[in-house]
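[1] got a sequence here, can you model it:
(one chain, ligands or ions: 3)
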Amino acid sequence: MTTLEIRDLHVDVAQTDADAEPIHILKGVNLTVKSGETHAIMGPNGSGKSTLSYAIAGHPKYQVTSGSITLDGEDVLEMSVDERARAGLFLAMQYPVEVPGVSMSNFLRTAATAVRGEAPKLRHWVKETKEAMTALDIDPSFSERSVNEGFSGGEKKRHEILQLDLLKPKIAILDETDSGLDVDALRVVSEGVNRYKEQENGGILLITHYTRILRYIKPDYVHVFVNGRVVESAGPELADELEENGYERFTSAAKAG
Ligand code: ADP
Ligand code: MG
Ligand code: MG
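    Ligands and ions are numbered 1, 2, ... in the order given. From the prediction side, this is the model:
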């Protein structure tokens with residue numbers, strides 16, 4: 001049983017212009033995610049959802065100014081990005097990074113070696129990756145292509161789930177993994193997430209803009225995220241309300257203070 005606990009988290013983001021003041025984005029986030037639980041975070045564009053995922057993963061541009069993140073009581077904020085991955089945290093990014101010159105197969109094996117603490121046995125690894133790629137409808141030729149280079153939006157997202165499948169984290173943060181997917185890709189990606197959930201009893205933080213993916217991945221909890229904070233938490237029925245009425249009720253309440 002693993003618990004990711006986020007308490008009163010405040011995060012600034014450094015601006016590209018180094019002389020400019022950092023911007024205060026997260027304003028006191030509280031959230032607890034446990035093994036086997038799926039939490040959907042829904043909120044308007046620019047509310048800070050990706051900032052939250054980057055802060056958990058340890059992106060250097062995102063400065064935690066106060067509050068805490070712990071994994072089973074261990075201080076995540078004290079860990080390097082690598083240590084966070086080894087501790088069992090995984091982030092599927094909203095905009096996966098292209099890494100020209102590094103093949104997918106090399107990248108995946110290096111990542112698996114780092115997370116598992118030893119290189120996977122080659123024969124076993126080949127079988128494992130092949131099965132995972134087949135399940136995600138990824139052509140074998142992708143193994144030799146550079147990481148995400150020239151991939152379509154949907155191909156990038158499927159590769160994020162391929163990493164999820166192979167790295168088997170304890171807690172997975174999926175940042176808008178559904179955006180830009182057509183119906184077939186959405187189904188394939190969702191099935192991959194559900195397999196992870198069943199096989200690893202993983203905890204999932206599913207960040208999304210749309211309720212569409214929640215027809216495939218059933219959340220236990222739905223959180224509304226507005227203006228750098230969780231402003232409401234409830235069961236799956238909250239997603240239905242959002243589908244119907246949008247975020248208006250929450251954004252106007254946030255503005256009113
Ligand atoms: P969301 O994922 O909910 O759409 P983000 O976390 O991406 O929101 O962004 C929240 C706010 O922080 C936005 O106003 C965005 O412009 C700003 N922001 C995020 N990252 C950066 C950055 N690296 N530099 C400048 N502003 C940023
Ligand atoms: Mg956005
Ligand atoms: Mg985002």
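[2] quick check: residues of the chain near ligand 3?
    Lys49, Ser50, Gln94 (Cβ under 5 Å from the ion). Just so you know, the C-beta spots here come from the backbone N, C-alpha and C atoms, and that holds for glycine as well.
[3] got the contact list for the last one?
    Contact partners of Gln94, counting by Cβ atoms under 8 Å, 6 or more residues apart in numbering, are Ser50, Ser53, Asp175, Glu176, Ser179, Ile207.
[4] thought the fourth one was touching His209?
    Yes: using Cβ atoms under 8 Å, Glu176 is in contact with His209, at 6.2 Å.
[5] of these two, who's got more company?
    Just comparing Glu176 and His209: by other Cβ atoms under 10 Å the higher neighbour count belongs to Glu176, 21 against 17.
[6] so which of the contacts of Gln94 wins on neighbours?
    Going by other Cβ under 10 Å, Ile207 tops those with 25 neighbours.
[7] ok, Leu4 - contacts?
    The contact partners of Leu4, taken as Cβ under 8 Å, 6+ apart, are 31-34, 56, 69-71, 76, 89, 171, 203, 205.
[8] any idea what it is bridged to?
    Val33, Leu71 (DSSP bridges).
[9] ok, now how distant is it from ligand 1?
    Noted for Leu4: a distance of 18 Å to ligand 1, by Cβ to the nearest ligand atom, to the nearest Å.
[10] how much space between the residue nearest to Ser80 when sequence neighbours are not counted and Asp12?
    Excluding the flanking residues, the one nearest Ser80 by Cβ to Cβ, 6 or more residues apart in numbering is Gly58, at 6.9 Å. Distance from Gly58 to Asp12, counting by Cβ to Cβ, to the nearest Å: 15 Å.
[11] go on, Leu52?
    Leu52 sits 13 Å away from Asp12, going by Cβ to Cβ.
[12] what do you get for Pro100?
    31 Å.
[13] in terms of neighbours, single out the busier of these two.
    Shown here are Pro100 and Asp12; by other Cβ under 10 Å, Asp12 has more neighbours (18 against 9).
[14] quick one on the thing from earlier: check the contacts of Gln94 and tell me the two furthest apart.
    Greatest spatial distance among the contacts of Gln94 (Cβ to Cβ): Ser53 and Ser179, at 13.4 Å.
[15] residues in contact with stretch 111-123?
    With contacts defined as Cβ under 8 Å, 6+ apart, stretch 111-123 is touched by Asp82, Ala85, Arg86, Arg109, Trp125, Glu128, Gln163, Leu166, Leu167, Pro169.
[16] just checking, the fifth one touches Asn106?
    Right, Trp125. No: with contacts counted by Cβ under 8 Å, Trp125 stays clear of Asn106, the gap being 11.8 Å.
[17] after the helix or strand where Asn106 lies, which helix or strand is next?
    Element membership for Asn106, per DSSP states H and E: helix 104-116. Counting by DSSP H and E, the next helix or strand C-terminal to helix 104-116 is helix 122-135.
[18] returning to that earlier point: wait, which of the contacts of Leu4 is closest to Tyr62?
    Ile56 (9.3 Å).
[19] which secondary structure element contains that closest one?
    helix 49-57.
[20] how about residues contacting that helix?
    With Cβ under 8 Å, 6+ apart as the test, helix 49-57 has contacts from 4, 6, 9, 11, 13, 25-26, 29, 41, 43, 61-62, 64, 69, 76, 81, 84, 89, 91, 93-94, 173, 175-176, 205, 207, 225, 228.
[21] torsion angles phi and psi at Glu176?
    Dihedral pair for Glu176: phi 50, psi 40, per degrees, to the nearest 10.
[22] distance check, Tyr62 against ligand 1.
    Distance of Tyr62 to ligand 1, given as Cβ to the nearest ligand atom: 8 Å.
[23] tell me how far Glu131 lies from Gly192.
    The spacing between Glu131 and Gly192, counted by Cβ to Cβ, is 12 Å.
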